[in-house]
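Q: how does the following fold in three dimensions:
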Amino acid sequence: MHTTKALIAASLALLCVAGVGAVPTVQSQQAHTPNATMVFTDQTTNGTTVQLNSVNLSEGGFVAIHDRNLTAENDTVGSVIGVSKRLSPGPHQDVQVRLYAIDGREFNQSRLRTNGSLTAMAHFDSNDNGEFDFVQTNGSVDGPYVAGTGTIVESAGVSVEREETASDGGLDIGLVPIVAAGLVLVVLVVLAAAVVRRR
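A: Modelled structure (predicted):
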């Protein structure tokens, strides 16, 4: 009888110890789930860069900028038009992203041409080489951070500043007709005054 009680007590003690030991393991796995947050607000740009207010990547990586083809065509790879430099784990402020300069892809433009919505997406540096290989590997390397069943993204409205076009002398071409008309008018006035004096 004493032997049975001792066995039961020992079994309960082992179960308790095993249960206590399992809790930290679960908590540890949950604490190391990769996560990312970004703040990407509406802005005006010269068409060559955009800026995120803040980025926090738990495992480090990149922020890729996607055009409307991300949603319109469901094209995750082909919609990438810009990527940040490699970001270390942790928070970053005022992250600049250069547009239309990505390894593995050629563009027929060098700047944004129209206003619209752009989407920022957080990506890993999964092979830890410091290069954004997502495009040139067709999405097999440096994939996006995921929350639930979707990628972690933020969208913003981007307005493009009017591109200044100037002649060699720095004069806005749009002003040339006005200046020319003014010069013609001055010449006519001078000629008219000369004619009046001769009379």
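
Q: can you give me phi and psi for G116?
A: For G116, the backbone dihedrals are phi 170, psi -170 (criterion: degrees, to the nearest 10).

Q: can you list the domains in this structure?
A: The chain breaks down by automatic domain parsing into domains covering 1-32, 36-160, 166-199.

Q: looking at those domains, which is buried most?
A: Comparing the domains of the chain by mean neighbour count (mean count of other Cβ atoms under 10 Å), domain 36-160 ranks first with a mean of 17. The C-beta positions use only the backbone N, C-alpha and C, and glycine is treated the same way.

Q: now do the same end-to-end measure for that one.
A: This stretch, domain 36-160, spans 28 Å end to end (Cα to Cα, to the nearest Å).

Q: check stretch 36-45 too.
A: Start and end residues of stretch 36-45 are separated by 25 Å (Cα to Cα).

Q: what mean pLDDT does it have?
A: Taken as a whole, stretch 36-45 has a mean pLDDT of 98.

Q: for stretch 160-168, same thing?
A: 64.

Q: ok, back up a step: lowest-confidence stretch among the domains of the chain?
A: domain 1-32 (a mean of 48).

Q: quick one, what contacts the nearest residue to N138 once chain neighbours are set aside?
A: Of all residues not flanking N138 in the chain, V77 sits nearest, at 5.8 Å (Cβ to Cβ, 6 or more residues apart in numbering). Contacts of V77 were listed using Cβ atoms under 8 Å, 6 or more residues apart in numbering, and they are 134-135, 138-139.

Q: okay if I get the residues you listed as JSON lines plus secondary structure?
A: Output for these, formatted as JSON lines (DSSP: H, G, I helix; E, B strand; the rest coil):
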{"residue": "F134", "secondary structure": "coil"}
{"residue": "V135", "secondary structure": "coil"}
{"residue": "N138", "secondary structure": "coil"}
{"residue": "G139", "secondary structure": "coil"}
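
Q: nearest to A101, of those?
A: V135 (11.5 Å; Cβ to Cβ).

Q: gap between the residue nearest to the closest one when sequence neighbours are not counted and L191?
A: Excluding the flanking residues, the one nearest V135 by Cβ to Cβ, 6+ apart is G104, at 4.4 Å. Taking Cβ to Cβ, to the nearest Å as the measure, G104 falls 65 Å from L191.

Q: repeat that for G116.
A: G116 is 53 Å from L191, by Cβ to Cβ.

Q: cool, and A72?
A: Taken as Cβ to Cβ, the span from A72 to L191 is 61 Å.

Q: what residues are up against the residue nearest to V135?
A: With Cβ under 8 Å, 6+ apart, G104 has these contacts: 133, 135-137.
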